[in-house]
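A.B. asks: build me a model from this:
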Amino acid sequence: MSISLSQQVAIVTGASSGIGRAIALAMAKAGASVTVDHYRDGTAASEVCDEIIATGGQSLAIDADVSNESEVKRLFSETIDRFDRVDIVVANAGIQQDAALVEMSLEQWNRVLAVNLTGQFLCIREAVKQFLRQGVRQKVSRSAGKIICMSSVHEIIPWAGHVNYAASKGGLNLLMQSTAQEVADQSVRINSIAPGAIRTPINQSVWSQPEGRAGMLRLIPKGRIGDPQDVAKAAVWLASDESDYVHGTTLFIDGGMTLYPGFSEGGG
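C.D. replies: This is a model prediction of the structure:
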């Protein structure tokens, strides 16, 4: 099945590396024009844009902190100035600042929640406003717009030592679902993707070492660590009319991590 996003415009936040980069490239390959949002990572973002343009696509790099309301508004306005509209928003930007609960500073708590949860809220709100303004183009898409939130298996799996991150993803689940309930009859679709262990720069120190990789694999029934392309292919599908009846759900891309493999033999 070949999926086309031709004549559509996508914003992908946190798109200069890892999962965001893979999604931006996959959206472009499917025919979308892509805004590559990044945070102070201009060289890497330009490389993503260059790769898209080299294959005949259209792309724009914008430096915007998703936790800042005015910068999110600028992200959308500059995209619309360049491409006239927005059809797809992938709210992917996220961070970790890990610490044991008793050692975690308020600054660490606030920063992770600001990016991972408030940033999602700001992008979702701006996307819905724009989608309602522009309406449906029937020959292009059955929806006025599509939103994909990047969550994590830790929206349902507790994670000691990462309470700020887990709380942000748990909160995102109900943010997405509540938004879906609110906009379902307005031709706006919203869903989440929840990756498990994926080979990205954020966890390279773990999967690049034999001991760390072995520890990861014990949690993954599938027997392999995921690649960013595993997530990117799902994002393209969720952005297309092939998933038009999928709304308000989380797609777990985790090789079975949420099956709690420690219980495969009775939990012993």
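A.B. asks: which residue ranges of the protein form strands?
C.D. replies: Ranges of strands within the chain are 9-12, 33-38, 59-63, 88-91, 145-150, 188-195, 250-253, based on DSSP state E.
A.B. asks: got the buried residues for the fifth one?
C.D. replies: Yep, that's strand 145-150 we're talking about. Judged by neighbour count using 16 or more other C-beta atoms under 10 Å, the buried positions of strand 145-150 are 145-150. Where C-beta positions appear, they are placed from N, C-alpha and C, glycine not excepted.
A.B. asks: parallel or antiparallel, which strands does it pair with?
C.D. replies: Paired strands of strand 145-150, with direction, are strand 88-91 (parallel), strand 188-195 (parallel) (DSSP bridges).
A.B. asks: now that strand, how far from the chain's geometric center?
C.D. replies: 8 Å (C-alpha atoms, centre = their mean, to the nearest Å).
A.B. asks: got the CA coordinates for it in CSV?
C.D. replies: Coordinates of each C-alpha in strand 145-150 appear next as CSV, following Å, rounded to 0.1, in the frame of the first residue of the first chain:
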residue,chain,number,x,y,z
GLY,A,145,-6.3,18.4,9.9
LYS,A,146,-4.5,15.6,11.7
ILE,A,147,-2.6,15.8,15.0
ILE,A,148,-0.2,13.1,16.2
CYS,A,149,1.2,13.4,19.7
MET,A,150,4.4,11.6,20.6
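A.B. asks: so for that strand, mean pLDDT?
C.D. replies: Taken as a whole, strand 145-150 has an average pLDDT of 98.
A.B. asks: residues in contact with it?
C.D. replies: 14, 19-20, 86-94, 120, 123-124, 127-128, 130-131, 134, 172, 175-176, 179, 187-193, 195, 235, 238-239 (C-beta atoms under 8 Å, 6 or more residues apart in numbering).
A.B. asks: what subset of the residues you listed is buried?
C.D. replies: Of those, these count as buried by 16+ other C-beta under 10 Å: 14, 19-20, 86-94, 120, 123-124, 127-128, 130-131, 172, 175-176, 179, 188-193, 195, 235, 238-239.
A.B. asks: lowest-scoring secondary structure element of this structure by mean pLDDT?
C.D. replies: Within the chain, no helix or strand scores below helix 204-207, which has a mean of 78 by mean pLDDT, DSSP states H and E.
A.B. asks: so which residues of the protein form helices?
C.D. replies: Secondary structure of the chain (DSSP state H): helices at 18-29, 42-54, 69-83, 106-113, 119-134, 163-183, 204-207, 210-217, 228-239.
A.B. asks: deepest-packed of those, please.
C.D. replies: Most buried of the helices of the chain, by mean neighbour count (mean count of other C-beta atoms under 10 Å): helix 18-29, with a mean of 26.
A.B. asks: and that helix, what does it pack against?
C.D. replies: strand 9-12, strand 33-38, helix 42-54, strand 88-91, helix 228-239 (3 or more C-beta pairs under 8 Å, 6 or more residues apart in numbering; DSSP states H and E).
A.B. asks: check the offset of the fourth one from the chain's centre.
C.D. replies: The one in question is strand 88-91. Centre-to-centre, strand 88-91 and its host chain are 7 Å apart (C-alpha atoms, centre = their mean).
A.B. asks: any idea how far Met27 is from Pro201?
C.D. replies: Look at Met27 and Pro201: by C-beta to C-beta, to the nearest Å, they are 20 Å apart.
A.B. asks: what's the answer for Thr43, then?
C.D. replies: Taking C-beta to C-beta, one finds Thr43 at 14 Å from Pro201.
A.B. asks: confidence score at Val236?
C.D. replies: 98.
A.B. asks: measure it to Ile148 for me?
C.D. replies: Per C-beta to C-beta, Val236 is found 10 Å from Ile148.
A.B. asks: low-confidence bits of the stretch 151-268 of the chain, can you list those?
C.D. replies: Residue ranges of the stretch 151-268 of the chain with pLDDT under 70: 266-268.
A.B. asks: hmm, try it at 50
C.D. replies: Counting by pLDDT under 50, the stretch 151-268 of the chain shows no low-confidence range.
A.B. asks: how many residues are close by the nearest residue to Arg137 once chain neighbours are set aside?
C.D. replies: Sequence neighbours aside, Gln7 is the residue nearest to Arg137 in space, at 7.8 Å (criterion: C-beta to C-beta, 6 or more residues apart in numbering). Look at Gln7: counted by other C-beta atoms under 10 Å, it has 14 neighbours.
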